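Asks: What would the 3D arrangement of this be:
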Amino acid sequence: MTTRYVAAIDQGTSSTRCIIYDRGGVMVSMAQRKHTQHFPEPGWVEHDALQIWNLVERLIPEALASGGIDASQLVGLGITNQRETTVIWDRTTGIPLHRAIVWQDTRTTEMVESLRSQGVGADVEHRTGAPLSNYFSAPRLSWLLDACPGSRAAAAQGNVLFGTMDSWLVWNLTGGVDGGLHLTDPTNASRTMLMNIETAQWDPRLLEMFDIPAEILPEIRPSLSKVGATVSPVPGIPISAMIGDQQAALVGQTALKAGESKYTLGTGGFLLFNTGTTLVRSRHGLITTVAFQMDGQPIRYALEGSNPTAGALVEWIRENLGIIGTPAEIETLASTVDDNGGCYIVPAFSGLHAPHWVSASRGLIVGLTSYITRGHLARAALETNAFAARSMVAALNDDLAAAGVEMSLTELVVDGGMTANNTLMQTIADICDVTVKRPQMAEAVALGAAYAAGFSVGLWTDEQQLRRNWHTGAVWQPSIDPADRERRVANWSMAVELASQWDPA
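Replies: Have a look, this model is predicted:
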């Protein structure tokens, strides 16, 4: 009997991977490449979408060859992606009209503040489940249509297409200029600030507000559904799932039922709490978003907290300060001191996100004295992730209580590259006052995309089959004095307040 596999394309902020898994959820092969980060102006972050597609063209054959697998053995392919990153391209040439604007980018802050001054913020949040912010795709799409001459008219005629990176990749995988499918799913569409969170359809009022022609938008399909088959670079592979990266991690952690959650620590830190078919509107600064949708079933919702600068802060310290040679060295450096020495870092490189939402804020380092060493800076950089997590957990539990939902978050199930840092995991347990659990498989994003793809085509038919693949790797319990915790949290809160007031001329 021929062995069957599923594959995932994990198109992330810093790199793209193609990973192939067997029916037991075990990784069989992987191919990975980094892409270029472009920073043309302060606060601007861009990717070359064509470069990313060219990488995918290489990665799929490489992963197949590395595993000794024939393409006919792949029963499903899942696409997962950095979510709010925005690209527009010419339908007839397949060439992007501009570099993709990345989710970390802040160039649309003034546009967002102008809309806010018009009093539309509450309407936007009600329709989308998300606060009006430069974090989402709609302002970027409007900016691109203004920045690329003739693109609005061409879009109205159907000659320019918009998508988040899932749409861009699926269009190319299924033929591109020769009949490529222009699609997205509710998890990604909910991050555009153009989809109505209740109907899971594009909202005419939001399109009018951001001046977006409907003709440019992809069709919204369920996250787990039979999308189509690849044409390039390897023909005939069934594409059976499209899902945003953080929602994919929720699936990868098998947090498929209401009351289950995950906290991913990669480039950013993202907490998702599954609320099932109940749409819980946040009153405390979180995002009401789509968790996933299976074909023929109702949408599952989630509450989300987002910290855009987790691993990105460590990379900044490595590249810009040069006090560590590799990201892993930050734990060693932080361990040379007992505490942060009174130093706190608020890494608001792209503004403050959940639950604060101050787009104009910028990062700060406070509490500097001549006592502070490289070790204190390293520890402060790690601790900022714990403080951000605490803010999100507190807001989440307040939202659930306010909605009368009999659920709460009492433990953090973590995944992502930064979870290899044991010092950080203990710090999160201490500051959040919760149990922290790390599975043996700490990379949940690609695994979740593969699970979604396999479930869609019947490779797995029961959620329990996936849960049996989940095994505890390590557990951390809170171990600090509550008074010390409250003191440190109060200091952090003062630092956040300073960052939120930063308004340079």
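
Asks: what stretches of this protein score poorly on pLDDT?
Replies: 1, 350-352, 354, 357, 359-360, 503-505 (pLDDT under 70).

Asks: could you point out the longest helix in it?
Replies: helix 374-402 (DSSP state H).

Asks: what sits up against the helix or strand where Trp168 lies?
Replies: Assigning secondary structure by DSSP states H and E places Trp168 in helix 165-173. For helix 165-173, contacts defined as CB atoms under 8 Å, 6 or more residues apart in numbering pick out 9, 11, 49, 52-53, 56, 79-82, 85, 87, 89, 94, 100, 161, 163, 180-185, 188, 218, 227-228, 230-232, 239, 242-244. In short, each C-beta sits where N, CA and C put it, glycine included.

Asks: Could you tell me which of those residues are located in helices?
Replies: Ala49, Ile52, Trp53, Val56, Asn188.

Asks: buried ones in the next helix or strand after the longest helix of the chain?
Replies: For helix 374-402, the following helix or strand on the C-terminal side (DSSP H and E) is strand 411-415. Buried residues in strand 411-415, counting neighbours by 16 or more other CB atoms under 10 Å, are found at Leu412, Val413, Val414, Asp415.

Asks: Which single one of those residues is nearest to Gln32?
Replies: Lowest distance from Gln32 to the buried residues of strand 411-415 (CB to CB) belongs to Asp415, with 17.2 Å.

Asks: which non-adjacent residue is nearest the closest one?
Replies: Closest residue to Asp415 apart from its sequence neighbours, by CB to CB, 6 or more residues apart in numbering: Ala444 at 3.8 Å.

Asks: residue contacts, that neighbour?
Replies: Listed by CB under 8 Å, 6+ apart, the contact partners of Ala444 are Ala248, Ala249, Gly252, Gln253, Lys262, Thr264, Asp415, Gly416.

Asks: what about the strands in the stretch 51-200 of the chain?
Replies: Counting by DSSP state E, counting those that start in this stretch, the stretch 51-200 of the chain has strands at residues 74-81, 87-90, 100-101, 160-163, 183-184, 195-196.

Asks: what does the stretch 401-505 of the chain give?
Replies: 411-415, 435-439, 472-476.

Asks: Can you give the strand pairings for the last one, parallel or anti for each?
Replies: Spelled out, it's strand 472-476. Note on strand 472-476: by DSSP bridges, its sheet partners are strand 435-439 (antiparallel).

Asks: could you say what helices and strands the host helix or strand of Leu303 packs with?
Replies: Assigning secondary structure by DSSP H and E places Leu303 in strand 300-307. Helices and strands touching strand 300-307, as assessed by 3 or more CB pairs under 8 Å, 6 or more residues apart in numbering; DSSP states H and E, comprise helix 245-252, strand 269-276, strand 287-292, helix 374-402.

Asks: redo that, cut-off 6 Å
Replies: strand 269-276, strand 287-292, helix 374-402 (3 or more CB pairs under 6 Å, 6 or more residues apart in numbering; DSSP states H and E).

Asks: Reformat these as JSON lines; add distance to Gly341 and mean neighbour count.
Replies: Below are the helices and strands packed on strand 300-307 laid out as JSON lines (distance: least, CB to CB, whole Å; neighbours: other CB atoms under 10 Å):
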{"stretch": "strand 269-276", "distance to Gly341": "23", "mean neighbour count": "26"}
{"stretch": "strand 287-292", "distance to Gly341": "34", "mean neighbour count": "26"}
{"stretch": "helix 374-402", "distance to Gly341": "4", "mean neighbour count": "23"}
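
Asks: CA-only coordinates of stretch 465-480 in PDB, if you can.
Replies: What follows is stretch 465-480 as a C-alpha-only set of coordinates in PDB (Å, rounded to 0.1, in the frame of the first residue of the first chain):
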ATOM      1  CA  GLN A 465      -6.300  11.100  16.100                       C
ATOM      2  CA  LEU A 466      -4.600  14.500  16.200                       C
ATOM      3  CA  ARG A 467      -4.700  14.800  19.900                       C
ATOM      4  CA  ARG A 468      -2.900  11.500  20.300                       C
ATOM      5  CA  ASN A 469       0.000  13.100  18.500                       C
ATOM      6  CA  TRP A 470       0.400  15.800  21.200                       C
ATOM      7  CA  HIS A 471       2.900  15.100  23.900                       C
ATOM      8  CA  THR A 472       4.100  17.300  26.800                       C
ATOM      9  CA  GLY A 473       7.700  18.300  26.500                       C
ATOM     10  CA  ALA A 474       8.200  20.500  29.500                       C
ATOM     11  CA  VAL A 475       6.200  22.300  32.200                       C
ATOM     12  CA  TRP A 476       6.900  25.400  34.200                       C
ATOM     13  CA  GLN A 477       5.000  26.600  37.400                       C
ATOM     14  CA  PRO A 478       5.000  30.100  38.900                       C
ATOM     15  CA  SER A 479       7.800  30.400  41.600                       C
ATOM     16  CA  ILE A 480       8.200  34.000  42.600                       C
END
